[in-house]
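Q: Dropping a prediction and its sequence here:
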Amino acid sequence: MKNKIIHDAVILTIITVVAGFLLGLVHDITLQPIKDAEFEKQQRAYKQVFSDAASFEEYADFDADAATKAAVDAGFANDLVEGAQVALDESGNPLGYVITVTSTEGSQANITLSMGVTLDGVLNGYETTKISETPGLGSKVADADFKAQFEGKSEETYTVTKTGASAANEIDALSGATISTRAVTNAINAGLAYFRSIGGGN
């Protein structure tokens, strides 16, 4: 009986070690393709908000803590400024920035977006890269019609209205999705606050 217990324990240990090894191997094999897919997704988002850019490079002076502080100081404490890219033309000259912001105010989960801002402060628009809002309601913040409300504008901040936008800085709330609308609008505001904190628009 004792020998059987030892035998079974050895077999179980071997199975555990082999399974762990195989899981680690699968993880290593899939890690790079996942990273590559994420990189391609980000590049597509950057190109979407800066179609005239030839390439993008990380903003060398980006500081996540300072970026988020700029958002907090502007009144957007629920938004995390997570990264910035410099949009470059064919000659390597800067055209503006692509700023990535995550709002923690989505109705279902966090919403992450990348927004393009020209050097003189014109908002090209934004592209959502992570979103779990309710299909047919909050998910519409990723639709072209809604995103168009931000494009080509240079307002310092934007506000949400339920009664129809009557000013350039007003954004029409999606019917039944005011929370999602406000989450995206505040994320844009946070990104613009960071943009100004690094001297953008001057």
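A: Alright, I've got the coordinates. Numbering: from 1, shown residues only.

Q: how about the strands of the chain, start to end?
A: In the chain, strands defined by DSSP state E lie at 55-58, 79-88, 94-103, 111-118, 123-130, 159-161, 170-172, listed in chain order.

Q: So for the second one, what gets flagged as buried?
A: I take that to be strand 79-88. For strand 79-88, a neighbour-count test (16 or more other CB atoms under 10 Å) marks 79-81, 83-88 as buried. From N, CA and C alone the C-beta is placed, and that goes for glycine too.

Q: Partner strands of it, with direction?
A: Using DSSP bridges, strand 79-88 pairs in its sheet with strand 55-58 (antiparallel), strand 94-103 (antiparallel).

Q: now those as TSV including distance to residue 49, mean pLDDT and mean neighbour count?
A: Shown next, in TSV, are these (distance: least, CB to CB, whole Å; pLDDT from 0 to 100; neighbours: other CB atoms under 10 Å):
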stretch	distance to residue 49	mean pLDDT	mean neighbour count
strand 55-58	10	95	13
strand 94-103	6	97	24
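
Q: picking that back up, can you tell which of the strands of the chain is closest to residue 66?
A: Nearest to residue 66, of all the strands of the chain, is strand 79-88, at 8.9 Å by CB to CB.

Q: quick check: angle from that closest one to strand 123-130?
A: Per axes from the mean of the first three to the mean of the last three CA atoms, to 10 degrees, the angle that strand 79-88 makes with strand 123-130 is 120 degrees.
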